[in-house]
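fold the following, please.
(one chain, ligands or ions: 1)
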Amino acid sequence: MIPIQIGGRPLAGGRLPAVCAPLVARTRAALAAEAAVVAAKKPDLLEWRVDFLESIADAQEVLRAAANVRAASADIPILFTRRCQREGGQPIALTEPQVLALYEAVAASGCVDLMDFEMGNEPGHVAQVRALTRRHGLPLVLSFHDFHATPADAELRARFEQAQRLQADVAKLAVMPQSMEDVHRLLGATLQASRALAIPVISMAMGGLGAVTRLCGGGFGSALTFAVGAAASAPGQIPIEEVRAALAVLQRATSG
Ligand SMILES: O=C1C[C@@](O)(C(=O)O)C[C@@H](O)[C@@H]1O
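Next up, the predicted model:
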């Protein structure tokens, strides 16, 4: 399993899995407060879900928010994500070209350390985000989410491979299991991809059924797990204190 690299250094000093806490505030003031509260819990990574920000259509306001998050982050690296509505994000008042312009402006601001974009977006847009993140020296997570089901094994494998083919630095899959068999398949596909791909992989099964993957996914090759700092960004996320405790138990038991 390969750690995620940020600025040429392994995230969390190479500890696997690293732990990421999302920021989901709707106003700039609330976001700054949320970032401070969550940063104090010392996640390895903060994910700023900008699709929750009500003023997302005001680029200057988003840049001010980015500076606020950076100032409150206590040097914890920041993952910038606009999750599209099709893949479980909030409805936003921006066209896709405007989203790309926002990615460019935020990347240029120097206030974030990596970016997430859905691999299922229009190929030209994925290529543009790849190009702009490269230009600004930012690693790119290419992600896929299914909030209703867990795709067949062949599609899970194809999605991990697609991210690598599109030149992602990290491949991420989030699915909704309908059974423990689905959870098992997601973990199996993650293990397989973590061995087959040249880039780090992240996966999770969402909801209550999938919650176990947020604790044991690292053992199956997932380089990052998402945990609640102040508020959840997806179903099934567990408070960061509990995730850290569980990871410590597993770490002690496996190192023997
Ligand atoms: O893609 C992911 C993973 C996630 O959906 C989860 O299930 O933890 C949470 C999102 O905020 C993040 O962008």
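
roughly how far does Ala74 sit from the ligand?
20 Å (CB to the nearest ligand atom, to the nearest Å). For the C-beta atoms, the positions are set from N, CA and C on the backbone; glycine is no exception.

with Asp44 instead?
14 Å.

repeat that for Leu142.
Noted for Leu142: a distance of 11 Å to the ligand, by CB to the nearest ligand atom.

the one residue in the stretch 51-200 of the chain that gets nearest to the ligand pairs with what?
Across the stretch 51-200 of the chain, the shortest distance to the ligand (CB to the nearest ligand atom) belongs to Ala174, at 4.2 Å. Under DSSP bridges, the beta-bridge partners of Ala174 are His145, Met204.

list the contacts for the closest residue to Glu241 other than its chain neighbours?
Closest residue in space to Glu241, ignoring its immediate chain neighbours: Lys41 at 7.3 Å, by CB to CB, 6 or more residues apart in numbering. Remark: with contacts taken as CB atoms under 8 Å, 6 or more residues apart in numbering, Lys41 is in contact with Ala21, Gly229, Ile240, Glu241.

which outside residues touch the one helix or strand Phe160 maps to?
Using DSSP states H and E, Phe160 falls within helix 153-165. If you take CB under 8 Å, 6+ apart as the criterion, helix 153-165 is touched by 119, 142-144, 150-151, 170-173, 175, 185-186, 188-189, 192-193, 196-199, 201.

quick one: the strands in the stretch 1-150 of the chain?
Per DSSP state E, counting those that start in this stretch, the stretch 1-150 of the chain carries strands over the ranges 5-6, 9-10, 18-23, 45-49, 78-81, 114-118, 140-146.

got a list of contacts for the second one?
In this structure, residues lying in contact with strand 9-10 by CB under 8 Å, 6+ apart are Pro3, Ile4.

given that strand, what are its sheet partners and their directions?
Strand 9-10 has the following strand partners under DSSP bridges: strand 5-6 (antiparallel).

any idea of the mean pLDDT in stretch 89-98?
The predicted model gives stretch 89-98 an average pLDDT of 97.

ok, now how distant is the closest residue to Thr254 other than its chain neighbours from Ala163?
Leaving aside its chain neighbours, Thr254 sits nearest to Gly219 (7.4 Å; criterion: CB to CB, 6+ apart). Distance of Gly219 to Ala163, computed by CB to CB, to the nearest Å: 21 Å.

what of Pro91?
Separation of Pro91 from Ala163 (CB to CB): 25 Å.

between those two, which one's more packed in?
Higher neighbour count among Pro91 and Ala163: Ala163, with 26 against 7, using other CB atoms under 10 Å.

per-residue confidence for that one?
On pLDDT, Ala163 comes in at 98.

can you pull the contacts of the spatially closest residue to it that is not a sequence neighbour?
What sits nearest to Ala163 in space, not counting adjacent residues and going by CB to CB, 6+ apart, is Ala171, at 3.4 Å. Shown in contact with Ala171 (CB under 8 Å, 6+ apart): 141-143, 159-160, 163-164, 193, 197, 199-202.

pretty sure Ala171 is in a strand, no?
Yes - with DSSP: H, G, I helix; E, B strand; the rest coil as the criterion, Ala171 is assigned to a strand.

distance-wise, check it relative to Leu247.
21 Å.

then Gln98?
With distances taken as CB to CB, Gln98 is found 39 Å from Leu247.

the two: who's more crowded?
More crowded of Gln98 and Leu247, by other CB under 10 Å: Leu247, with 21 against 14.

and the angle from the helix or strand hosting the more buried one to strand 18-23?
Assigned by DSSP H and E, Leu247 belongs to helix 240-255. Put simply, helix 240-255 runs at 170 degrees to strand 18-23, going by axes from the mean of the first three to the mean of the last three CA atoms, to 10 degrees.
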